[in-house]
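Enquirer: predicted coordinates and the sequence they were generated for:
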Amino acid sequence: MIHNKRYLVDEEDYCIDEAKFSQLTLRQENELYNEEDHIPHDLIGVRWVCLSKGEDWEVTKNKKTVLVLKGVRFTTREKNFLRTPGGMSFIVSGYKQGWKSVSEFKRQVKKWLK
């Protein structure tokens with residue numbers, strides 16, 4: 001038995017406090033390997049960048065920046081949503097669906113927040 005202040009766990013079991021880690025992450029990446037077909041997929045990630053006069057979100061594909069979502073284009077409510085882990089996932093799924101412009105992301109965020 002392993003004694004932890006949050007868990008009492010057998011040595012064969014592994015526990016992660018997901019709530020603790022989900023609040024700290026401001027970067028999210030997607031699965032990059034399909035085990036069934038043995039085909040590597042593109043690594044799609046989102047990074048929140050805090051600037052001196054605002055903030056941006058960078059969408060990366062295989063470690064190369066492919067799209068920058070400028071924070072000045074979004075309202076405060078939209079920016080608050082995009083900062084969350086759910087917002088990061090929203091950006092990744094939107095990019096996978098083919099949203100390649102800031103205006104498309106803005107339109108979809110408005111629909112999502114209604």
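Expert: Everything's here; your move.

Enquirer: doesn't residue 46 fall inside a helix?
Expert: No: per DSSP: H, G, I helix; E, B strand; the rest coil, residue 46 lies outside any helix segment and is strand.

Enquirer: hey, what's it bridged with?
Expert: residue 28, residue 59 (DSSP bridges).

Enquirer: I'd assumed residue 94 was in contact with it.
Expert: No: using Cβ atoms under 8 Å, residue 46 is not in contact with residue 94; the gap is 9.8 Å. (Each C-beta comes from the backbone N, C-alpha and C, glycine too.)

Enquirer: compare these two (neighbour count), which wins?
Expert: Legend: neighbour count by other Cβ atoms under 10 Å for residue 46 and residue 94, higher for residue 46 (24 against 20).

Enquirer: and the more buried one, what's its pLDDT?
Expert: Looking at residue 46, its pLDDT is 91.

Enquirer: my guess is residue 110 contacts residue 78, does it?
Expert: Yes: in this structure, residue 110 is within contact of residue 78 by Cβ under 8 Å, at 7.5 Å.

Enquirer: the more surrounded of those two?
Expert: residue 78 (18 against 13).

Enquirer: so what pLDDT did the more buried one get?
Expert: For residue 78, pLDDT reads 93.

Enquirer: now it: how far from residue 101?
Expert: Note on residue 78: its distance to residue 101, by Cβ to Cβ, to the nearest Å, is 15 Å.

Enquirer: ditto for residue 62
Expert: Taking Cβ to Cβ, one finds residue 62 at 20 Å from residue 101.
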